[in-house]
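J.: I need the structure of the sequence given here:
(one chain, ligands or ions: 1)
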Amino acid sequence: MSIIGFIGLGNMGAPMAANLVKAGQRVLGFDVLPGSRWASAEHGVQVVASARRSVEDADIVITMLPGGEQVLSVWKDVLPAAKSGALLIDCSTIDVASARAAHALAAERGIDSLDAPVSGGVGGANAATLTFMVGGTEQAFARGKPVLERMGKRIIHCGEAGNGQTAKICNNLILGASMIAVSEAFVLAEKLGLSHQAMFDVVSSSSGQCWSLTSYCPVPGPVPASPANNGYKAGFTAALMLKDLNLARQAAQSVGAQAALGAHAAEIYEQFAQQGHSASDFSAIINLVRQESERR
Ligand code: NAD
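T.: Have a look, this model is predicted:
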């Protein structure tokens, strides 16, 4: 049995760590928030007093933190305490440059590392059905895959260091823009007198078909499990969508890629967040589209 250090026991980290415990692993967990530590202790995580304490005996260390700044600061703190054969895996969603900087910190100490952001949200974390998009060497991937399989269903090696984060932000650029496009189409259909169900029935079997429509439909009715049927309770928050669109915008600027739709999607989610809807599910963006349409 390998020992796993787990740092960041929040909405995602807590159920991921709990699934490792369920799979029979010994998990040494740490979070700066006492409430998160207590909650994870109830799920069998052995809570320790600091991030460093969680890595000292660990074969594998997983971080699940808010952003690149926290990841770099925690990795700088814990790497000197890590065992020489340890593997560090960051599952947070962070900017590609910080992910590559974190890999470089680990490499300086001769320690294997992976960036392995996830999709699937809190539901996927609870059900251990996350998709992991993984960047790093073949050797590090081969070592990390079995532990990621305890928390997810699809583990995809995307290539070199940072490529997991690249895959993640590219996916969410499509998701953010497609959710706005689907929302605009529903609001236009409403104004022209077409029912939600008729619009869904046609588009879900036509060329406009996409995940934002068929799995996460932003109007109540056609897809009973979508957050629209539950007051837009997240799900995946508008704040996290804005975060990921900003990461995509920043990455596009850094390499000179044209991403006009992604940048505009970020502006629309920014406006939604400024209206106080950061905690709503990101599909609630249809309410902003409707509100703006009423003003015309
Ligand atoms: P969260 O805010 O619930 O959890 C982050 C945890 O990290 C918190 O408990 C916080 O106290 C802890 N933390 C912060 N700084 C720390 C430090 N220095 N040392 C130890 N602990 C520290 O966030 P989350 O929803 O669990 O998301 C985590 C990551 O996963 C983010 O990067 C997010 O973008 C990504 N993500 C989230 C979702 C989702 O649906 N929530 C989906 C996919 C990806």
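
J.: just want the residue of the stretch 1-150 of the chain that's nearest the ligand.
T.: residue 10 (1.8 Å; CB to the nearest ligand atom). C-beta: built from backbone N, CA, C; applies to glycine.

J.: close to the ligand, is the longest strand seen in the chain?
T.: As assigned by DSSP state E, the longest strand anywhere in the chain is strand 152-159. No - judged by CB under 6 Å from any ligand atom, strand 152-159 makes no contact with the ligand; its nearest approach is 11.5 Å.

J.: which pLDDT value does the model give the residue of the stretch 1-150 of the chain closest to the ligand?
T.: Residue 10 is assigned 96 on the pLDDT scale.

J.: so it makes contact with residue 30?
T.: No - applying CB atoms under 8 Å, one finds residue 10 not in contact with residue 30, separated by 11.9 Å.

J.: which residue ranges form the strands in the protein?
T.: Going by DSSP E, the chain shows strands at 3-7, 26-30, 46-47, 60-63, 87-90, 112-115, 118-119, 130-135, 152-159.

J.: got these as a markdown table, with mean pLDDT columns?
T.: Shown next, in a markdown table, are the strands of the chain (pLDDT from 0 to 100):
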| stretch | mean pLDDT |
| --- | --- |
| strand 3-7 | 98 |
| strand 26-30 | 98 |
| strand 46-47 | 98 |
| strand 60-63 | 98 |
| strand 87-90 | 98 |
| strand 112-115 | 98 |
| strand 118-119 | 95 |
| strand 130-135 | 98 |
| strand 152-159 | 98 |
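
J.: picking up where we left off before, alpha carbons of the longest strand of the chain, in CSV - could you do that?
T.: The C-alpha trace of strand 152-159 is given here as CSV (Å, rounded to 0.1, in the frame of the first residue of the first chain):
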residue,chain,number,x,y,z
GLY,A,152,-11.5,8.8,-12.1
LYS,A,153,-12.7,6.8,-15.1
ARG,A,154,-10.7,8.2,-17.9
ILE,A,155,-7.0,9.0,-17.5
ILE,A,156,-5.5,10.6,-20.7
HIS,A,157,-1.8,11.2,-21.2
CYS,A,158,-1.6,14.5,-23.1
GLY,A,159,2.1,14.6,-23.5
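
J.: for burial, what's the neighbour tally of the closest residue to the ligand within the stretch 151-296 of the chain?
T.: Closest residue of the stretch 151-296 of the chain to the ligand, CB to the nearest ligand atom: residue 236 (4.8 Å). Here the number of neighbours of residue 236 (other CB atoms under 10 Å) works out to 21.

J.: check which helices and strands the helix or strand bottoming out on mean pLDDT in the chain sits against.
T.: For the chain, counting by mean pLDDT, DSSP states H and E, helix 121-127 ranks last in confidence among helices and strands (a mean of 92). Other helices and strands packing on helix 121-127, by 3 or more CB pairs under 8 Å, 6 or more residues apart in numbering; DSSP states H and E, are helix 13-22.

J.: need the residues that contact stretch 49-56.
T.: 5-7, 28-30, 48, 61, 74, 77-78, 81-83, 86 (CB atoms under 8 Å, 6 or more residues apart in numbering).

J.: does any bit of that stretch sit next to the ligand?
T.: Yes - using CB under 6 Å from any ligand atom, stretch 49-56 reaches the ligand at residue 51.

J.: average model confidence for that stretch?
T.: 98.

J.: buried residues, that stretch. List them.
T.: Of all the residues in stretch 49-56, those buried under the rule 16 or more other CB atoms under 10 Å are 51-56.

J.: then stretch 148-163?
T.: 148, 150-152, 155, 157-158, 161-163.

J.: list the residues that contact residue 59.
T.: Taking CB under 8 Å, 6+ apart, we find residue 59 in contact with 2-4, 83, 85-87.

J.: and the angle from the longest strand of the chain to strand 130-135?
T.: In terms of direction (axes from the mean of the first three to the mean of the last three CA atoms, to 10 degrees), strand 152-159 departs from strand 130-135 by 10 degrees.

J.: what is the distance between strand 152-159 and the centre of its chain?
T.: Distance, stretch centre to chain centre, for strand 152-159: 14 Å (CA atoms, centre = their mean, to the nearest Å).
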